[in-house]
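[1] sequence first, predicted coordinates after that:
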Amino acid sequence: MARDILIGDEITLTATILKILPDGLASVSIPTYNFPYSIDAPKKAKPGIKVELIGYATRVDDEDGKVTVKIGDLVTVDQDSITNWKRERTVLRDRAD
């Protein structure tokens, strides 16, 4: 499903906690992101709990249906994996040089 996502838009991804690591991090699974990813473990975190990760679109590839999101690190996911997104307004100013 193609969405009208632009660079700079706020993106929400829903990840599932896989396990809590001894160092206070949680290993999570992000849909369509096929690499390990860890976050600071939320309070009362348990495996199977869903958490929202919020970041900003840094790259949009409508042809392949992919979006790269900065949520600490850069992750590239299918647009269908996005739970929610919000248009970020940008202010354009004329620069007098």
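    That came through fine.

[2] please make it C-alpha for all contacts and neighbour counts, starting now.
    OK.

[3] all strands of this structure, in order?
    Under the criterion DSSP state E, the chain carries strands at the ranges 10-20, 25-30, 33-40, 50-61, 66-71, 73-78, 82-86.

[4] mind putting those strands in TSV, mean neighbour count, mean pLDDT and distance to residue 4 included?
    Shown next, in TSV, are the strands of the chain (neighbours: other C-alpha atoms under 10 Å; pLDDT from 0 to 100; distance: least, C-alpha to C-alpha, whole Å):
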stretch	mean neighbour count	mean pLDDT	distance to residue 4
strand 10-20	19	96	12
strand 25-30	21	96	21
strand 33-40	13	92	21
strand 50-61	18	95	10
strand 66-71	21	96	11
strand 73-78	17	95	13
strand 82-86	15	91	10
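
[5] OK, contacts around residue 10?
    Residues in contact with residue 10 (C-alpha atoms under 8 Å, 6 or more residues apart in numbering) are 54-57, 85-88.

[6] same question but for residue 52, I mixed them up
    12-15 are the contacts of residue 52 under C-alpha under 8 Å, 6+ apart.

[7] list just the nearest of these to residue 76.
    Comparing those against residue 76 with C-alpha to C-alpha places residue 13 closest, at 11.0 Å.
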